[in-house]
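Q: what would the 3D arrangement of this be:
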Amino acid sequence: MKNLFARTEMAEGYATARPAVHGLILEQAWRALEWRRRPGWALDVGCGSGLSTKALLGWCEHCVGVEPAVEMLRLARRVAAPADFATGSAECLPLREESMAVITAAGSLNYCDAERAFPEMLRVLAEDGTLVVYDFSPGRRMRGTDRLEQWFEEFQRRYPPPPYRGLHLDPERLAELAAGFARGPFASFEDSLPLDAEFYGRYMMTETNVAHAASLGADQSEIRAWVEKTLRPVFDGRPQEVVFEGYWAAFYKPSSRSTRLAL
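A: Predicted structure coming up:
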């Protein structure tokens with residue numbers, strides 16, 4: 001199967017029509033980590049079109065985004081200036097040893113070779129540095145009503161997602177994979193954003209369900225027309241609070257001075 005994230009339409013959609021959830025999660029993680037000063041250099045692994053890097057810029061002095069999909073990376077330079085970007089993957093980071101105080105990975109480690117990626121991130125992370133891994137599911141429900149849940153179920157029936165070929169990750173599974181790291185704080189996450197029907201529809205057009213349907217010959221303009229028509233009564237002409245759920249988990253790179261115990 002072709003890499004659906006490498007499609008031009010997907011890259012453009014990720015750059016312009018994805019909800020700003022990254023910042024909400026990073027704010028929760030940063031509070032739990034109780035950092036008293038801004039870290040210097042931070043790396044965003046699997047940065048996509050740059051939305052996660054843009055959120056990270058608010059917490060660190062300098063950011064570098066690494067992404068294997070060239071189409072995504074082209075747009076990331078526009079979305080998250082003045083961050084630096086480079087083509088690369090979690091298994092082969094184009095950075096020198098111990099050069100990053102912080103590494104974040106937003107939903108990207110699911111698609112990597114964990115046995116190679118975690119030692120590589122450990123190599124790049126400075127002593128006592130922090131790795132923050134997080135992910136969140138699509139916003140498929142609203143507060144106070146089940147209208148969006150019902151709509152999303154129909155969306156999934158009409159346009160099934162592609163076969164999932166990634167790792168199923170959560171804080172416990174990450175702790176098993178993160179050899180050499182010490183486990184830090186972690187938490188589940190739920191928050192909401194006010195979205196209107198127009199934005200939510202554009203957001204749904206960036207889901208892999210649509211890219212998969214298009215790869216099988218479906219007409220994206222027909223999908224868009226169905227999405228726009230059926231979402232209008234769901235949102236009832238005004239923004240609604242759409243709920244996003246996920247997790248974040250922090251891990252530390254121990255040093256000779258650290259009292260933390262490695263996993």
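Q: run a quick neighbour tally on the nearest residue to Phe136 once chain neighbours are set aside.
A: Nearest residue to Phe136 in three dimensions, chain neighbours excluded: Gly246, at 2.9 Å (Cβ to Cβ, 6 or more residues apart in numbering). Bear in mind the C-beta positions are built from the backbone N, C-alpha and C, glycine included. Close neighbours of Gly246, defined as other Cβ atoms under 10 Å, add up to 19.
Q: give the contact list for Gly246.
A: Val21, Ile25, Tyr134, Asp135, Phe136, Ser137, Ser188, Phe189 (Cβ atoms under 8 Å, 6 or more residues apart in numbering).
Q: only whichever of the residues you listed are buried, select them in ChimeraX.
A: In ChimeraX, a selection of the buried entries from the contacts of Gly246 looks like this (16 or more other Cβ atoms under 10 Å):
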select :21,25,134,135,136,189
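Q: so which of the contacts of Gly246 are in helices?
A: Ile25 (DSSP state H).
Q: now Tyr14. Nearest residue, chain neighbours left out?
A: Ser49 (3.9 Å).
Q: the helices in the stretch 51-200 of the chain, which residues?
A: 51-57, 70-79, 114-124, 147-158, 171-177, 197-204 (DSSP state H, counting those that start in this stretch).
Q: residue ranges in the stretch 151-263 of the chain under the pLDDT threshold?
A: For the stretch 151-263 of the chain, the stretches flagged by pLDDT under 70 are 256-263.
Q: the strands in it, which residues?
A: All strands of the stretch 151-263 of the chain, identified by DSSP state E, counting those that start in this stretch, fall at 182-195, 240-252.
Q: can you redo these as TSV with distance to Leu73?
A: Below are these laid out as TSV (distance: least, Cβ to Cβ, whole Å):
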stretch	distance to Leu73
strand 182-195	26
strand 240-252	24
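Q: any idea which of these gets closest to Pro39?
A: Closest approach to Pro39 among the strands of the stretch 151-263 of the chain (Cβ to Cβ): strand 240-252, 12.6 Å.
Q: just want the angle from the closest one to helix 114-124.
A: Between strand 240-252 and helix 114-124, the angle comes out at 70 degrees (axes from the mean of the first three to the mean of the last three Cα atoms, to 10 degrees).
Q: now do strand 240-252 and helix 197-204, the angle between them.
A: Going by the same axes, to 10 degrees, strand 240-252 makes 40 degrees with helix 197-204.
Q: partner strands of strand 240-252 and their direction?
A: Taking DSSP bridges as the criterion, strand 240-252 sits next to strand 125-136 (antiparallel), strand 141-142 (antiparallel), strand 182-195 (antiparallel) in its sheet.
Q: with just CA atoms, put that strand into PDB.
A: What follows is strand 240-252, C-alpha atoms only, in PDB (Å, rounded to 0.1, in the frame of the first residue of the first chain):
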ATOM      1  CA  GLN A 240     -19.800  23.100  18.700                       C
ATOM      2  CA  GLU A 241     -17.400  21.700  21.400                       C
ATOM      3  CA  VAL A 242     -15.700  18.700  19.700                       C
ATOM      4  CA  VAL A 243     -14.000  16.400  22.200                       C
ATOM      5  CA  PHE A 244     -10.500  14.900  21.600                       C
ATOM      6  CA  GLU A 245      -9.100  12.100  23.700                       C
ATOM      7  CA  GLY A 246      -5.500  10.800  23.900                       C
ATOM      8  CA  TYR A 247      -2.500  10.300  26.100                       C
ATOM      9  CA  TRP A 248       1.000  11.700  26.700                       C
ATOM     10  CA  ALA A 249       4.000   9.900  28.300                       C
ATOM     11  CA  ALA A 250       7.400  11.300  29.300                       C
ATOM     12  CA  PHE A 251      10.700   9.500  29.500                       C
ATOM     13  CA  TYR A 252      14.100  10.600  30.700                       C
END
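Q: distance between that strand and the chain's centre?
A: 10 Å (Cα atoms, centre = their mean, to the nearest Å).
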